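**Student:** Following is a predicted model, sequence given first.
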Amino acid sequence: MNLSGLRGRIRGRFRAFLRGTGGRRRALQAVLAAASALALLLWWLLPSDGPSYPHRPIFLATGVANGVYETYGKLLKTDLRTALPGVRVNLVQTEGSVDNIKRVVSGKADFTIAAADAVASYDGPGKKDLRACARLYDDYMQLVVPRDSTVTSARDLRGKRVGIGQANSGVSLIARRLLTAAGLNVAKDVKAVPVGIDQAPAMLLSGKLDAFFWSGGLPTATISAMANPVARIKLVQLGDLVAKLHTMGSQMQYYRQAVMPADAYPKAQDGQAVATIAVANLLVTTDRADTGLVQRLTRAVIDSRDAIGKEVHAAQLVDLRTAVFTDPLPLHVGAERYYRSVKP
């Protein structure tokens, strides 16, 4: 039998099957309708315009409780449920940037947020494997003291009890450099207390600290709470240390002179802008991360800016035009592919 005849016999038997009983026809129609509905549902729920990626759990190292990293991570996790169907995102609290970098290079985390100065200062195993997905927002260094404090610069912290951030935090890294720039020996001239934003505010208000440093996006909710409804704190300028910082080595290039606007913490600043330093935050991974996964995650970070920015105001500064400037890290291949795909 030739091919044409075989096709004819198959069509004939199929028609006979359908004529056999109305039940068969209705059953087949029901199956086809269900299949069509399922296909439509999957088309609606699953991104159809992105690369494939492994459907396994991933770990995102954030930061200390009540910090901006942690809040940003929680909100991003919500958006990743849509951007990465089938992937369970686990958030991991950490001490901050230095801790985060160590976790990523060791494989304990897949992605993290870290300040550019901490990345540049890292010189441990796996340094060459580090890659960036995006430049996010800037952290502003904030020196917080009680409202009635006589401290007007970091130089006035001699002999004071000062919260300098947890040992493996980016806050600690910057605070120590600032104190050095102010001419103070961290080990001898101040009583350095290794606490972060989760403990330092309560310790300051209870009199257990005279001041504390914090590095975070503006505004940081915990500091805002200390100034509302009555201002119990004030912010101390750090702008007079920028020039000195820049003479302390090449790694200091990641610090730039900045101003906390008057409306960052209005009551704590008496409506005045406060000079300080700022440093960029990066979304970090390693070259081991799957290309498709990174491409989708990077897209989610950019697309979620407005939604996350309603809760974390600093996230409003995430911008497609600046996201590619991730010095000192090269972009991950997956991030490069995303940025090329949206390039005008």
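**Tutor:** Good, I have the coordinates. Numbering: from 1, shown residues only.
**Student:** Point to the residue nearest the middle of this protein.
**Tutor:** Nearest to the mean C-alpha position of the chain, counting by Cα atoms, centre = their mean, stands residue 113 at 4.4 Å.
**Student:** how far away is it from residue 179?
**Tutor:** Distance, residue 113 to residue 179, by Cβ to Cβ, to the nearest Å: 24 Å. For glycine as for every other residue, the C-beta is placed from the backbone atoms N, C-alpha and C.
**Student:** for residue 74, phi and psi?
**Tutor:** phi -60, psi -40 (degrees, to the nearest 10).
**Student:** shouldn't it be in contact with residue 91?
**Tutor:** Yes - between residue 74 and residue 91 there is a contact at 6.6 Å, judged by Cβ atoms under 8 Å.
**Student:** what sits in contact with each of these two?
**Tutor:** Taking Cβ atoms under 8 Å, 6 or more residues apart in numbering as the contact rule, residue 74 and residue 91 both touch residue 62.
**Student:** Need the pLDDT of the closest residue to the residue nearest to the centre of the chain other than its chain neighbours.
**Tutor:** Leaving aside its sequence neighbours, residue 113 sits nearest to residue 69 (Cβ to Cβ, 6 or more residues apart in numbering; 5.0 Å). Listed pLDDT for residue 69 reads 95.
**Student:** repeat for residue 245
**Tutor:** The predicted local confidence for residue 245 is 96.
**Student:** Could you do residue 28 as well?
**Tutor:** With respect to pLDDT, residue 28 has a value of 55.
**Student:** Quick one: low-confidence residue ranges for the protein.
**Tutor:** 1-49, 344 (pLDDT under 70).
**Student:** Mind doing that once more with 90?
**Tutor:** Residue ranges of the chain with pLDDT under 90: 1-50, 66, 228-229, 270, 309-317, 319, 343-344.
**Student:** Report the residue ranges of every domain in it.
**Tutor:** 58-133+283-341, 139-280 (automatic domain parsing).
**Student:** and residue 51, which of these is closest to it?
**Tutor:** Nearest to residue 51 among those is domain 58-133+283-341; the distance by Cβ to Cβ comes to 3.5 Å.
**Student:** end to end, how far does that closest one reach?
**Tutor:** Counting by Cα to Cα, to the nearest Å, you get 24 Å between the two ends of domain 58-133+283-341.
**Student:** After the lengthiest strand in the chain, heading C-terminal, what element do we hit next?
**Tutor:** Secondary structure of the chain per DSSP state E: the longest strand is strand 130-146. As assigned by DSSP states H and E, the chain's next helix or strand after strand 130-146 is strand 161-163.
**Student:** just checking, next helix/strand downstream of that following strand?
**Tutor:** Following strand 161-163 in sequence, per DSSP H and E, is helix 170-181.
**Student:** Would you mind pulling the contact partners of that following helix?
**Tutor:** By Cβ under 8 Å, 6+ apart, helix 170-181 touches 96-98, 114-115, 117-118, 121, 139, 141, 154, 157, 162, 164-166, 185-186, 189-190, 194, 196-197, 213-215, 238, 241, 244-245, 248, 252, 255, 277, 279.
**Student:** Strand partners (parallel or antiparallel) of the helix or strand harbouring the residue nearest to the centre of the chain?
**Tutor:** Using DSSP H and E, residue 113 sits in strand 111-115. According to DSSP bridges, strand 111-115 forms sheet pairs with strand 58-61 (parallel), strand 274-286 (antiparallel).
**Student:** so can I have a markdown table of the ones you listed showing distance to residue 127 and mean neighbour count?
**Tutor:** Supplementary listing: the strands paired with strand 111-115 in a markdown table, determined by distance: least, Cβ to Cβ, whole Å; neighbours: other Cβ atoms under 10 Å:
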| stretch | distance to residue 127 | mean neighbour count |
| --- | --- | --- |
| strand 58-61 | 17 | 22 |
| strand 274-286 | 10 | 24 |
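**Student:** Those: which one's closest to residue 226?
**Tutor:** Comparing the strands paired with strand 111-115 by Cβ to Cβ, strand 274-286 comes nearest, at 15.0 Å.
**Student:** relative to helix 170-181, how tilted is the closest one?
**Tutor:** Interaxial angle, strand 274-286 versus helix 170-181 (axes from the mean of the first three to the mean of the last three Cα atoms, to 10 degrees): 130 degrees.
**Student:** Just the C-alpha atoms of strand 274-286, please, in PDB.
**Tutor:** The C-alpha coordinates for strand 274-286 follow below in PDB (Å, rounded to 0.1, in the frame of the first residue of the first chain):
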ATOM      1  CA  VAL A 274      23.800  67.000  56.000                       C
ATOM      2  CA  ALA A 275      27.100  66.400  54.300                       C
ATOM      3  CA  THR A 276      28.300  62.800  54.300                       C
ATOM      4  CA  ILE A 277      29.800  60.100  52.100                       C
ATOM      5  CA  ALA A 278      28.000  57.600  49.800                       C
ATOM      6  CA  VAL A 279      29.000  54.300  48.300                       C
ATOM      7  CA  ALA A 280      27.200  52.200  45.600                       C
ATOM      8  CA  ASN A 281      25.500  48.800  46.300                       C
ATOM      9  CA  LEU A 282      25.800  46.000  43.900                       C
ATOM     10  CA  LEU A 283      23.800  42.800  43.300                       C
ATOM     11  CA  VAL A 284      26.500  40.200  43.400                       C
ATOM     12  CA  THR A 285      26.800  36.500  42.300                       C
ATOM     13  CA  THR A 286      29.600  34.400  40.900                       C
END
